[in-house]
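Chemist: Pasting the sequence and the predicted coordinates here, then a few questions.
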Amino acid sequence: MSDRPKRPLNPAAVSAADDEVYQNHADDPRPNALYDADGNRKPLDNSAGQADLRKEWMDSYKANGGEMDSTPASNSAADQPVQPCDDRPVVNPLISAEAGSLDDSGTEAGESSE
C-alpha cells in the first residue's frame with residue numbers, strides 16, 4: 001500500500017492537518033518552509049528539504065480521518081511523469097484464404113459482358 005491520500009481528499013482532515021502542522025511550527029525562526037518573514041503561511045512543496053514536513057502532514061491527515069489510497073505505488077522515478085507501457089504481446093496476423101484465379105475475360109471492373 002502506498003502512502004498517498006485517496007482522492008477526493010477529505011476536506012475536514014486536510015484542514016485539521018494543515019492547522020496542526022502550522023501550529024507545530026508556529027514558533028520556528030522565520031522565514032522557514034512554512035512561514036514567510038511576515039508570518040504568512042506558505043504551502044508545502046515537493047522539494048527534498050520538506051520531506052519531513054510532508055510526512056508530518058500525512059500522519060496528521062490520516063490521524064484526522066483521511067483515507068489512504070490502496071493502489072500500489074509505481075516503481076518509476078518521481079522525476080519521470082510518464083510511465084512506460086507494459087510489455088505488450090507481439091501480434092503476427094495470419095491471413096488465410098483459398099487460392100483463387102484471376103478472371104482473364106478482359107473486362108474491366110464494373111463493366112458487364114453482354
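Modeler: On my side now, so go ahead. This is a predicted model, so every value here is computed, not measured.
Chemist: Okay, and the residue nearest the centre of the chain sits in which element?
Modeler: The centroid of the chain falls nearest to residue 81 when counting by CA atoms, centre = their mean (7.9 Å). Assigned by DSSP states H and E, residue 81 belongs to neither a helix nor a strand.
Chemist: what are the phi and psi angles of it?
Modeler: Comment: the main-chain dihedrals of residue 81 come out as phi -70, psi -20, following degrees, to the nearest 10.
Chemist: Next one, pLDDT for it please.
Modeler: At residue 81, the pLDDT value in this model is 72.
Chemist: quick one: it from residue 44, how far?
Modeler: Look at residue 81 and residue 44: by CB to CB, to the nearest Å, they are 19 Å apart. In this view, the C-beta of every residue, glycine as well, is placed from N, C-alpha and C.
Chemist: And residue 80, by the same measure?
Modeler: Residue 80 is 22 Å from residue 44, by CB to CB.
Chemist: the more surrounded of the two?
Modeler: Of the pair residue 80 and residue 44, residue 44 is the one with more neighbours under other CB atoms under 10 Å, namely 15 against 9.
Chemist: Confirm the more buried one sits in a strand?
Modeler: No - the assignment for residue 44 by DSSP: H, G, I helix; E, B strand; the rest coil gives coil, which leaves it out of any strand.
Chemist: Check which helices and strands the helix or strand containing residue 53 sits against.
Modeler: According to DSSP H and E, residue 53 maps onto helix 51-63. Here helix 51-63 touches helix 11-24, going by 3 or more CB pairs under 8 Å, 6 or more residues apart in numbering; DSSP states H and E.
Chemist: Report the buried residues of the helix it packs on.
Modeler: By neighbour count, with 16 or more other CB atoms under 10 Å as the criterion, the buried positions of helix 11-24 are 13-14, 16-18, 20-21.
Chemist: Could you tell me the angle between it and helix 51-63?
Modeler: Put simply, helix 11-24 runs at 140 degrees to helix 51-63, going by axes from the mean of the first three to the mean of the last three CA atoms, to 10 degrees.
Chemist: Alright, that wraps it up for me.
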